[in-house]
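# how would this look folded up:
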Amino acid sequence: MPEPLTCPGCFSLNKPTASRCRVCGRRLVESRRSKRKSGPVVLQRVMSGEIFAAVLQDGSVGGPSIVRDLERERAELRKEAADLEEYRKSLATYEARLRASAEGAGQKYEPYARTRKRRWNRTHPAEQAEKIVDSAMTSFREKKFPETVERLQGAIRVYDGDPRAWILLGESQLRLGRPYEAGAAFLRTLSLNPKDERGWLGLAKALRATEDLTGALEGADRAVGINPGFVEGWMERGVILEALKDFAEALQSFAKVLELRPGHPAARVRRSEVEEKLLRKARAAELEAAPPAESAGPSIGSPPGTQVAEAPAATGTPPVAEDVDAILGLRDLPVPAKPAPAPEPEEAAGEPAEARAGPTRERPVEAVVRPVRVKTFVEGLDEFLGGGIPWGHVVLIQGTPGTMKSSLGFWILLNNAVREGLHCLYITLEERAESLLKQMLSMGFPLNVTKGSLVFLDPRTAKHLLGEKADWVPCLERGLEAVKRERGLDLIVIDSLEALEVLAKFRERRREMYRLFEWLRDMDVTSFVITERPEWVVGRHVLQGRWDEDFLADGLIQLRLHPVSDLDVQRRLRVVKMRGTRHEPGYLALVADESRLKVVRAMSP
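Numbers count the residues shown, from 1 in each chain. Sure, this is the predicted structure:
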């Protein structure tokens, strides 16, 4: 049985017939240069007898093309030699970087230098060293790094010209927290082969460990420049750029990793974190340009100016207004002091004192013309609803996980804030606002609000409100009334009803639901309440249980995942109930396409 091929870069095992490494993409067997096709040869008699001269035939048969090929090869060889020379010259710069960094850290940097006492007098020293390196690779995979270092040092004493031994030694030293010893090993690798992408990657890791991010970025750039398909090189480049706070370039590097290897778990996590940081950076830039505005939590937009959506930071204190406790009903709102009565003219002397010196609002709420119907702005859905949802309705958005319940509620609020100038509030009781905004950003939703406002209230923003309280619902009611009084409030999304039920500890479920829905109607707002609904499909018929809120709500929009084949699943939407308007109760296909939501008639059964 043929032995597997070992990658000289990452030491992984590959099939005997493989030409590139399955892990790092490095070429395993150097491709032989295709033999140049010789041009036609003509024998010319130089003189009488049997003496001939072989010459290439002139003309269009092939002579000039061969000359061009020779010139091209010579140019490529000259360029390759120039690149190698440039790489060799840069090694001295990197060695100086490591030495200076070691001196600044109070450590000692010792580059590799050959000693006079060599053990190369034995037969085939390279083969002996290769056997030791193979045993060291086994201990490296078992994470026995001190043992690996000891074996590799023995292999180097036998023969120091094997790049694999130096790369493996550098990686082991990094695992042991010795970046300067690792840097010396990787520099030795590059002195043997200046175009070894694994050597440049290791040098970048060593420099990053010494906090020399600029030098590390240069090393990573050289690695991916030598091998554009080097996954680990792009990953390291993204990590370095993230540390340098160049989030846009880091995002491109992680995207390149996922392009080369779509299932890379670390790249997906890193890309998500960088997207979150970009979101916060954009929010901070907008806040610097926009005038300050108070809010009950993270918000998208505000009447005074334009703001970009921001998720609260992953660590630290979230951005909360100074009077958030008052807005949430945890303490009374500060009562504005009545201005001292000014001298009144004689014609107003008989006017009542209450009319002359009433309380004034510190932040007057901008008047908004409320529409008769609230548009969903889902392409095709408003036509099925007769123009939209009647104002003041309590509408349930229900479905199984993955049916885009939260996305639909967010889409309705976002577009009504942007296009209609309404003041909206999204209450998420289980998911953080930052997570929700990242999902909406990944779907391409535009998060700029220029007219109305979109405020988020999540468990961290209202951490005092979401505690163990007996009067949870009354406290929430006081908080929302304060938000309406201070900022104005037109549309609300509560995500989700089940979480609210757990937090409020409903005892008489139907009675509490009726009280909650009536209070929402009394606030003169249009409310969307997200509910979780399991379903059972029996004989292609969807069966659902009996739920009290379905009868109490004014509208019911049902979302589900419908299998259209053994492999494909389609999201579908159905308006089961909508009081005060005529609507079609059939299923519609829900499509998220090009940063928008739309519905079309479902064609398959």
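# need the helix or strand of this structure with the lowest average pLDDT.
Considering only helices and strands, the least confidently modelled element of the chain by mean pLDDT, DSSP states H and E is helix 324-327, at a mean of 34.
# Can you verify my assumption that Phe377 contacts Ala417?
No: with contacts defined as CB atoms under 8 Å, Phe377 does not count as touching Ala417, sitting 10.7 Å away. No exception for glycine: its C-beta is placed from N, CA and C like everyone else's.
# These two: which is more packed in?
Ala417 (24 against 19; other CB atoms under 10 Å).
# Leaving out the residues flanking it, which one is nearest to Trp166?
For Trp166, the nearest residue in space outside its immediate sequence neighbours is Thr189; the separation is 4.2 Å by CB to CB, 6 or more residues apart in numbering.
# Could you check the strand or helix carrying the one you found and say which residues are buried?
Counting by DSSP states H and E, the element that carries Thr189 is helix 179-192. Neighbour-count burial for helix 179-192, with 16 or more other CB atoms under 10 Å as criterion, is recorded at 179-191.
# try stretch 164-179
Within stretch 164-179, the residues that count as buried by 16+ other CB under 10 Å are 164-174, 178-179.
# same deal with stretch 136-154?
By 16+ other CB under 10 Å, the buried positions in stretch 136-154 come out as Ala136, Met137, Ser139, Phe140, Phe145, Glu147, Thr148, Val149, Arg151, Leu152, Gly154.
# Quick one: residues contacting the second one.
The reference is to Met137. Listed by CB atoms under 8 Å, 6 or more residues apart in numbering, the contact partners of Met137 are Thr6, Phe11, Leu168.
# Mind checking what helix or strand follows the helix or strand containing it in sequence?
Following DSSP H and E, the helix or strand that holds Met137 is helix 125-141. Remark: after helix 125-141, the chain's next helix or strand is helix 145-158, criterion DSSP H and E.
# Check the offset of that next one from the chain's centre.
41 Å (CA atoms, centre = their mean, to the nearest Å).
# Then stretch 482-498?
If you compare the mean C-alpha spot of stretch 482-498 with that of the full chain, they lie 29 Å apart, counting by CA atoms, centre = their mean.
# repeat for stretch 183-203
When distances are taken as CA atoms, centre = their mean, stretch 183-203 is centred 32 Å away from the chain's centroid.
# Determine how far the last residue of stretch 581-594 lies from the first.
From its first residue to its last, stretch 581-594 covers 30 Å (CA to CA, to the nearest Å).
# no wait, stretch 255-274
As for stretch 255-274, its first-to-last residue distance stands at 11 Å under the measure CA to CA.
# Could you check that stretch and say which residues are buried?
Buried residues in stretch 255-274, defined by neighbour count with 16+ other CB under 10 Å: Lys256, Val257, Leu258, Leu260, Arg261, His264, Ala267, Arg270, Arg271, Glu273, Val274.
# of those residues, closest to Lys438?
Comparing these against Lys438 with CB to CB picks out Glu273 as the nearest, at 9.9 Å.
# Confirm that the closest one sits in a helix.
Yes: looking at Glu273 with DSSP: H, G, I helix; E, B strand; the rest coil, it is inside a helix.
# got the contact list for it?
Applying CB under 8 Å, 6+ apart, the residues contacting Glu273 are Glu242.
# Just the pLDDT for it.
According to the per-residue confidence, Glu273 scores 84 in pLDDT.
# Renumber starting at 3 from here on
OK, 3 is where the count begins now, so the last one is Glu275.
# Quickly note the distance from it to Gly108.
Glu275 sits 33 Å away from Gly108 when distances are taken as CB to CB, to the nearest Å.
# what does Ala555 give?
70 Å.
# These two: who's more crowded?
Ala555 (25 against 6).
# That one touches Lys579, doesn't it?
Yes: between Ala555 and Lys579 there is a contact under CB under 8 Å: 7.4 Å.
# can you pull out the helices in the stretch 203-352 of the chain?
For the stretch 203-352 of the chain, the helices defined by DSSP state H, counting those that start in this stretch occupy 215-228, 233-245, 249-262, 267-291, 326-329.
# tell me the mean pLDDT for stretch 577-590?
For stretch 577-590, the mean per-residue pLDDT is 89.
# Now the terminal residues of it, how far apart.
When the termini of stretch 577-590 are compared using CA to CA, they are 9 Å apart.
# And for stretch 485-505?
For stretch 485-505, the first-to-last residue distance is 21 Å (CA to CA).
# Okay, buried residues for that stretch please.
Buried-residue list, stretch 485-505, by 16+ other CB under 10 Å: 485-486, 488-499, 501-503, 505.
# For Asp492, list the residues it contacts.
Under the criterion of CB under 8 Å, 6+ apart, the contact partners of Asp492 comprise Val370, Arg372, Asn418, Leu424, His425, Cys426, Gly454, Val527, Thr528.
# Specify the residue ranges that define each domain of the chain.
The chain breaks down into these domains under automatic domain parsing: 3-30, 75-282, 301-305+373-603.
# Worst mean pLDDT among those domains?
Taking each of those in turn, the lowest mean pLDDT turns up on domain 3-30, with a mean of 76.
# Please state the offset of that domain from the chain centre?
Using CA atoms, centre = their mean, we find the averaged C-alpha position of domain 3-30 to lie 32 Å away from the chain's own average C-alpha position.
# about what we covered before: between the buried residues of stretch 138-156, which is closest to Arg574?
Phe142 (53.0 Å).
# how close does that closest one sit to Glu173?
7 Å.
# which residue ranges form the helices in the stretch 453-602 of the chain?
474-489, 499-506, 511-524, 550-554.
# Which elements pack onto the first one?
Looking back up the chat, that one is helix 474-489. On a contact count with 3 or more CB pairs under 8 Å, 6 or more residues apart in numbering; DSSP states H and E, helix 474-489 meets helix 326-329, strand 425-430, strand 455-459, helix 499-506, helix 511-524.
# can we see that at 10 Å?
Contacts defined by 3 or more CB pairs under 10 Å, 6 or more residues apart in numbering; DSSP states H and E place helix 474-489 against helix 326-329, strand 425-430, strand 455-459, strand 493-497, helix 499-506, helix 511-524.
# Great, nothing more from me.
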